[in-house]
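> coords below, sequence missing:
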């Protein structure tokens, strides 16, 4: 059954449907970057409110700034902007839900002016973002805005036909200011530390270059709440589409699959109203920092700790690595010994229980989360998810080998061949540059660790860390992944002749 409004009443009864009038969908949020995570997270919370008959003026208008976003727009438009969310896991009462909260989607390619006009509408009171960790144009090493990027320079020279998120936001805010329209809240839902503060810095940096008066107005009138967001959402595959059709009778061009777990901790800093998200499980707080640090260091850091090692071993899914006892023990020990001592108390959360939940979530076989997804964009993920942990371990004089192994595994992963001899692509916008760092094996340590963009200044300056990195790199080359983990965990020394790389 093709998913669209006219077919909703013909779907099997157990499928959850929108409980509100789809014809009355009004948009109060514009969301830039409509992918799987947004559709399984922020959109679901907003949908839940509307299903209670509340906040019907807070529907979502999707926005795509990249040419690749056309495929998502076309898929959604072909089915009246409905899509199916499918929860995957071991529980018997997992939900299949048709979601209707996204009412339209605009593409910058089709009309820059139409998009600026939409963002300037008084009804749009929140603009939210999932533009990836690397989308904020902030240098990870210096923390400065990358004003010299060609797309940024284009927007500064052509403010009426922008290409970047910051060009569009400034054009829309300039129009709102000129019309006397109140500013919107700019809300990042991306997975990076202090995402609101990063968004603020990036937008104000751009605005000061474009229009100093506008920058002052933005500083005074726009708010940028920090948030911690969490839900594992694998890439939708053809197998997921086929499974949805076979098991539930829905023909959906682009469903979203996700784990049952869902969390959003959000600072209550909104300048122009907001949905009553607290009524559907969002936790509002004055300070998101302890939640953010817990999630980024424990979940995202542990993801990186297992993903490159798993890929080298020949695994391709997160649950496969967690089915391997060596990986499971290593990741838990990394969480317990390397990360947990660095964390401040987190109100309302017991850390041992949280770590147990993470192990359970990583082991969810039904979700089949792709290691390639977790591996992607390593040059942007390392500075945010691993480097702060490394820097603190160095400062504290702590043991470094477990954490150094994460970096050593990435170094070998960048060669593009796993232990089985299978070649693979490196999904990273800076892949060519990163692979260049490891091309010359004689200078690999100095070149890789000296890449300040990724590792900053403290790591290459630490002789203890450099030694730990070289030790683990040598072990991976001579003992293989399993042998290295065994030695690290148990002090065992497998026969190096059994594995040579």
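On my side now, so go ahead. Owing to the predicted nature of the structure, the values given are computational and were not obtained by experimental measurement.
> residues near residue 435, how many?
Neighbour count of residue 435, defined by other CB atoms under 10 Å: 14. Just so you know, the C-beta spots here come from the backbone N, C-alpha and C atoms, and that holds for glycine as well.
> Tell me the confidence at it?
Residue 435 carries a pLDDT score of 97 in this model.
> Adjust the sequence numbering to begin at 272 for everything that follows.
In the new count, where the first residue is 272, that last one comes out as residue 706.
> Check which helices and strands the host helix or strand of it sits against.
Residue 706 belongs to helix 702-708 when assigned by DSSP states H and E. If you count contacts as 3 or more CB pairs under 8 Å, 6 or more residues apart in numbering; DSSP states H and E, helix 702-708 packs onto helix 649-656, helix 715-720.
> so can I have CSV of these showing distance to residue 705, mean pLDDT and mean neighbour count?
Listed next are the helices and strands packed on helix 702-708 as CSV, based on distance: least, CB to CB, whole Å; pLDDT from 0 to 100; neighbours: other CB atoms under 10 Å:
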stretch, distance to residue 705, mean pLDDT, mean neighbour count
helix 649-656, 5, 94, 23
helix 715-720, 9, 98, 18
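> right, and the ones you listed - which one's nearest residue 485?
Among those, helix 649-656 comes nearest to residue 485, with 28.3 Å by CB to CB.
> what comes into contact with the closest one?
Helix 649-656 is contacted by residues 403-405, 411-412, 463-464, 567-568, 571-572, 574-575, 579, 678, 681, 684, 699-701, 704-705, 724-727 when judged by CB atoms under 8 Å, 6 or more residues apart in numbering.
> quick one: the nearest residue to residue 304 once chain neighbours are set aside and residue 628, what's the gap?
Spatial nearest neighbour of residue 304, excluding adjacent residues (CB to CB, 6 or more residues apart in numbering): residue 401 at 4.1 Å. Distance, residue 401 to residue 628, by CB to CB, to the nearest Å: 23 Å.
> more neighbours, the two?
Between residue 401 and residue 628, counted using other CB under 10 Å, the more crowded position is residue 401 (21 against 13).
> how close does the more buried one get to residue 333?
From residue 401 to residue 333 the distance is 11 Å (CB to CB).
> Same question for residue 360.
For residue 360, the distance to residue 333 equals 27 Å [CB to CB].
> rewinding a little: and the helices and strands packed on helix 702-708 as a markdown table, adding distance to residue 486?
Shown next, in a markdown table, are the helices and strands packed on helix 702-708 (distance: least, CB to CB, whole Å):
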| stretch | distance to residue 486 |
| --- | --- |
| helix 649-656 | 26 |
| helix 715-720 | 37 |
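> doesn't residue 394 fall inside a helix?
No: assignment of residue 394 by DSSP: H, G, I helix; E, B strand; the rest coil gives coil, placing it outside any helix.
> State the number of residues packed around residue 663.
So residue 663, with other CB under 10 Å, has 17 neighbours.
> Please identify the helix or strand for it.
Judged by DSSP H and E, residue 663 forms part of helix 658-667.
> what's the next secondary structure element after that helix?
helix 672-684.
> could you say what helices and strands that next one packs with?
Counting contacts by 3+ CB pairs under 8 Å, 6+ apart, helix 672-684 is packed against helix 572-584, helix 649-656, helix 658-667, helix 715-720, helix 734-761.
> make it 10 Å
helix 572-584, helix 596-604, helix 649-656, helix 658-667, helix 702-708, helix 715-720, helix 723-726, helix 734-761 (3 or more CB pairs under 10 Å, 6 or more residues apart in numbering; DSSP states H and E).
> Is the spatially closest residue to residue 439 that is not a sequence neighbour in a helix, a strand, or coil?
Among residues not flanking residue 439 along the chain, residue 433 sits closest, at 5.1 Å (CB to CB, 6+ apart). Following three-state DSSP, residue 433 is assigned to coil.
> which residues touch residue 540?
If you count contacts by CB atoms under 10 Å, 6 or more residues apart in numbering, residue 540 has them with 456, 458, 467, 494, 495, 496, 497, 555, 557.
> and the residues you listed, which of them are in helices?
Among the contacts of residue 540, the ones falling in helices (DSSP state H) are residue 467.
> could I get the contacts of residue 540 as JSON lines with pLDDT, neighbour count and distance to residue 586?
Formatted as JSON lines, the contacts of residue 540 follow (pLDDT from 0 to 100; neighbours: other CB atoms under 10 Å; distance: CB to CB, whole Å):
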{"residue": "456", "pLDDT": "98", "neighbour count": "20", "distance to residue 586": "41"}
{"residue": "458", "pLDDT": "98", "neighbour count": "25", "distance to residue 586": "36"}
{"residue": "467", "pLDDT": "97", "neighbour count": "20", "distance to residue 586": "35"}
{"residue": "494", "pLDDT": "98", "neighbour count": "18", "distance to residue 586": "43"}
{"residue": "495", "pLDDT": "98", "neighbour count": "24", "distance to residue 586": "39"}
{"residue": "496", "pLDDT": "98", "neighbour count": "23", "distance to residue 586": "37"}
{"residue": "497", "pLDDT": "97", "neighbour count": "24", "distance to residue 586": "34"}
{"residue": "555", "pLDDT": "97", "neighbour count": "15", "distance to residue 586": "39"}
{"residue": "557", "pLDDT": "93", "neighbour count": "7", "distance to residue 586": "41"}
